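> Predicted model, plus sequence, below.
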Amino acid sequence: MQPILQIQGVSKLYEAHQALNKVSFEVPKGSIFGLLGPNGAGKTSLIRIITQITAPDEGRVLFEGQPLQPHHVQQIGYLPEERGLYKKMKVGEQLVYLARLRGLEKGDATQRIKVWADRLDLKPWLNKNVEDLSKGMQQKVQFIATVLHEPKLLILDEPFSGFDPVNANIIRDEILKLRDQGCTVIFSTHRMESVEQMCDYIVLINNSEKVMEGSVREVKSRYRSHTYHVEGTGKLLIMSPDFKVLTQAQQGDQFQAEVQLEPQIGPNQLLRYLTDRVEVHGFQEKIPSIHDIFIKTVTQK
Amino acid sequence: MDKIWLVFQREYLVRVRKKSFIVMTILGPLLMALVMIVPIWLATMSDDTKVVQVLDESGYLKGKFTSTEELKFINVPGPVETAKAAYLESEDAALLYIPKLNLDKPQGIQLFSQKSTSLAMKSNLEKRVREELEEVKFANSGIDQRVLEKIKTPVSIRTVNLSADGEKSSDVEVTTGVGFIGAFLIYLFIFIYGAQIMRGVIEEKTSRILEVMVSSVKPFQLMAGKILGIAAVGLTQFVLWIVLTSAIGGGVSARFDLKRFSDAQINQTMQGMGNEREVQQAQEIHEVVSAAQNLNLPLLIGSFLFYFLGGYLLYGALFGAVGAAVDSETDSQQFMLPITVPLILSFIVAQTIIVKNPNGPVAFWMSMVPFTSPVVMMLRMPFGVPTWELLLSMFFLIAGFIGTIWVAARIYRVGILMYGKKVNYRELSKWLFYKG
C-alpha cells in the first residue's frame, strides 16, 4: 500500500541554525505514527513543513504520492502544541468558522459539530463563550476543530496535555477509533507510555537528524539485550561463561538477579542451568521500554 | 479569496456585535450633538446681574450708564475713600471710580473689586466709558451723532473663484472647514482602527490561536481579512454616525429654513427692508451656503473615500505588522513611534502651514508622500488641486500601501509564530527576506 506521507531528504535552515538535516521517512496509511525527539530536535519544524506553514529548503514531501499542494491542507488536521481559541467567541460559532476555513460547508459543519459535541459531552457549552470553559473543555473543543473536516492525516502535537486522566482516556479512545476508520495519525509527544500504548510505528529525531525508525515491535526487538529477570529460592551462584550476571540480590534464601546471555545461547539453556541449582519462581525477558530506548539513544550521541 | 472573505466576516461580526460598538455608535452622535449644543445653551443662560457702583467725579458720565441684564449701575457719593469703605460693606461686584478727567488724555480711572474682575467685564466697562467720552468729544467739536452714524459703512468682500466654467462664489472659511473636517476624520480613523488591528493581532498571538489558524489559512489571507474587516467596522460606524447625526441635525435645521438665504429671497429682502444689519447678515449666510453648494461634492466625497481607505490600508498594514512583532501591547511602543510620527506631523503641519498656503511647496510634497498625503491632500482638496497632482498623489498612495502591505505581510508571517522573543529593528529587517 502506498504510504500516505513520504518525507524525502528534507532540510531546513534558520539563519545559522540547522533545524532539519536530510530527514527521510514514510508514514504508512492507517497507522499511528509516533514522531519522537527531545525538545528542539526539529519536530515542530518538520510538522510545520508538512502542514505547509513553512517550506523546506531542500527535499520534498509527498502526500499520497503527490508533492504537497495547498489543497492538501483540507485533508490534514493539525493540533499544535501551542494552541488556543478566540476567547470572546461562542464555541459553536468558532467551530463552524474553523471548519469553513478548512473547506467545509456551513450546513455540514453544523451537523458534524452536533455529533461530536454529543460524543464529548460538550452540547450544553456550544452557546457559551470560550473564556467561560475550563481548560480541559477548551482542549476538547480544539480536538473537535482538528478532526471536524474528517482529514485523512491527523497531526497531534502533545494531544493529552491539559487533560485529566479520565478525559485523556476519552481522547485516546477517539484517536484509536479514528485510526480504525482509516485515518492516519502522526503523534508527537514526550509521554512515552502513550507511545508504547498507541503507536504502530515510531521515528526518533535528535539534533535535526533522524536517528531511528521502525515499527514499535521491531525497534524494541532491536534493542533487546538478551537479559532475563530471574527470582526464586536457594543460593544463586552462576559460574558459566555462557551467562553473565548483571545484578544480584539475596534476601535470606530468596534471590533476584538479572542475567545476560551470550548471543548464541537460548533462554531454555539458562532455565535448565538454573533448575538444576535453585528453585525458580519467576523468569522473564527484560524488554526495553520505548522510554529506555529514547533516553539511551538521545544521551548516547 | 474565499478565506479572506471568511476571516473578514468573522472580524466584522465579532466587532459589530460587541456591546462597546453599539454603545459608541449611539453615544457618538449624542456626544457630538452635546459638544455643539451645550456651549450655545450655556451662552444663552444669562449670568446673575452684577451691580457696579459708579463714583463719577468728572461729571461727564453722570446717568449715562444704562443698566443691562448683566450689569446694573448705581451711583454712589464720594469722596473715593468713603465710597471704598462703603463698597467693602456691600456685596456688589465692583466700584468704578472716575476722577476728574482731562478729555484728551483720560487717566486714573480705576475699578475696585473684592474678587478679581473678569476680562469680559473690564473690556465691557472700558468700551462704555470710551464711547461716552467720545460722544462728549464729538459734541464738543460740533459733530452731530446722527451724521456720524450715516458715515459708518459696513463692508464685506465676497470671494469668487473665476475659471473658464464661470464664476463660483467661494468662501475661505467654508473651504478650510470642509478640508479640515475631512483631514481630521482620516487622521482619527487611522489611529482608532489602526490600533484595533494591532490589538487584534496581539490578542490572537497571546491566545495562541494563530498556529491553529495558519495551518488552514495563509498568513497574508489572515492579515488581509482582518484589515478589511476592521475597515468595514469603521465605515459602518461612520455611516451610522452620519445617519444618526443628520437625523438629529435634521430635527434642528427643520426650524431653520435655508431657502430664506437664496439669491432671490435676499434681493427681495434687500428691497423690502431698510435694515442694513439684517441684510448684511443674510448676505453672509447666503455666501456660506452657496460656497458650500459650489464645492465639487462628488469629487470631494470620492477622493475622501479614496484617501480614507488608502491611508488606512497603508497604516493598517504597518499596525498589523507591529502587532505580529511583539508579544504584548506594552512592547509595541518602540515600533509604534515611527508609524505615528508621520501621521501626527502631517496633522500638525496641515493645521499650520498648509492652511495658510494650500498650494505651496510644503503642501505639494506632503501630498505626494504616501505617509502624509491622506491627511494633507484632504485639506487641500476643497481649495482645488490640479488633476495631475491628484492622480500622481493617488498613484503614490496605491504604490505606498502595496509596499507597506508587502513589508507587513513578511513581518507578520514570521512574527505570528514567534513567541517570547524580544525583537529589534535588525531582526525585523531579516524577516523581510526569509524564504517562505
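Received the coordinates, thanks.

> Now for chain B, the helix or strand with the poorest mean pLDDT.
Lowest by mean pLDDT, DSSP states H and E among the helices and strands of chain B is helix B:263-272, with a mean of 54.

> list the contacts for the residue nearest to residue B:107 when sequence neighbours are not counted?
Once flanking residues are discounted, residue B:107 sits nearest to residue B:101: 7.6 Å by CB to CB, 6 or more residues apart in numbering or on different chains. Glycine gets a C-beta too; all of them are placed from N, C-alpha and C. Applying CB atoms under 8 Å, 6 or more residues apart in numbering or on different chains, we find residue B:101 in contact with B:58, B:60, B:107-109, B:133.

> Also residue B:57?
B:78, B:80, B:97-100 are the contacts of residue B:57 under CB under 8 Å, 6+ apart.

> Apply 7 Å and report the result again.
Listed by CB atoms under 7 Å, 6 or more residues apart in numbering or on different chains, the contact set of residue B:57 reads B:78, B:98-100.

> what about the residue of the stretch 201-301 of chain A found nearest chain B, how many residues close to it?
With CB to the nearest CB, the shortest gap between the stretch 201-301 of chain A and chain B falls at residue A:208, namely 17.6 Å. By other CB atoms under 10 Å in any protein chain shown, 21 other residues sit near residue A:208.

> close enough to count as contact, it and residue A:14?
No. With contacts counted by CB atoms under 7 Å, residue A:208 stays clear of residue A:14, the gap being 10.5 Å.

> ok, how many other residues are close to the residue in the stretch 1-150 of chain A that chain B sits nearest to?
Across the stretch 1-150 of chain A, the shortest distance to chain B (CB to the nearest CB) belongs to residue A:84, at 3.3 Å. When neighbours are counted by other CB under 10 Å, residue A:84 registers 19.

> Doesn't it belong to a helix?
No. Residue A:84 is assigned coil when assessed by DSSP: H, G, I helix; E, B strand; the rest coil, not a helix.

> Name the nearest residue to it, ignoring sequence neighbours.
residue B:208 is the one closest to residue A:84 (CB to CB, 6+ apart), at 3.3 Å.

> Now do the contacts for the one you found.
Residue B:208 makes contact with A:82-84 under the criterion CB under 7 Å, 6+ apart.

> Over to residue A:258?
By CB under 7 Å, 6+ apart, the neighbours of residue A:258 are A:227, A:229, A:246-247, A:286.

> Can you give me the pLDDT of the residue nearest to residue B:358 when sequence neighbours are not counted?
Nearest non-adjacent residue to residue B:358, counting by CB to CB, 6+ apart: residue B:383, 4.3 Å away. The model reports residue B:383 with a pLDDT of 77.

> Could you report the neighbour count for residue B:383?
Residues lying near residue B:383 (other CB under 10 Å) number 19.

> Tell me the spacing between it and residue B:355.
The gap separating residue B:383 from residue B:355 is 10 Å, by CB to CB, to the nearest Å.

> Is residue A:186 within a helix or a strand, and which one?
Here residue A:186 sits within strand A:184-188, counting by DSSP states H and E.

> Quick check, central residue of chain A?
Note on chain A: the residue nearest the mean C-alpha position is residue A:34, at 3.2 Å, using CA atoms, centre = their mean.

> Help me confirm that it is found in a helix?
No. Looking at residue A:34 with three-state DSSP, it is strand, so not inside a helix.

> okay but it is in contact with residue A:202, surely?
Yes. Assessed by CB under 7 Å, residue A:34 is found in contact with residue A:202 at 3.9 Å.

> between these two, what contacts are shared?
With CB under 7 Å, 6+ apart as the test, residue A:34 and residue A:202 both reach residue A:195.

> Now do the strands in the stretch 51-200 of chain A.
A:58-63, A:66-67, A:76-79, A:153-157, A:184-188 (DSSP state E, counting those that start in this stretch).

> Mind putting the ones you listed into JSON lines with mean pLDDT and mean neighbour count?
JSON lines is the format used below for those (pLDDT from 0 to 100; neighbours: other CB atoms under 10 Å in any protein chain shown):
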{"stretch": "strand A:58-63", "mean pLDDT": "90", "mean neighbour count": "16"}
{"stretch": "strand A:66-67", "mean pLDDT": "90", "mean neighbour count": "10"}
{"stretch": "strand A:76-79", "mean pLDDT": "91", "mean neighbour count": "24"}
{"stretch": "strand A:153-157", "mean pLDDT": "92", "mean neighbour count": "23"}
{"stretch": "strand A:184-188", "mean pLDDT": "92", "mean neighbour count": "24"}
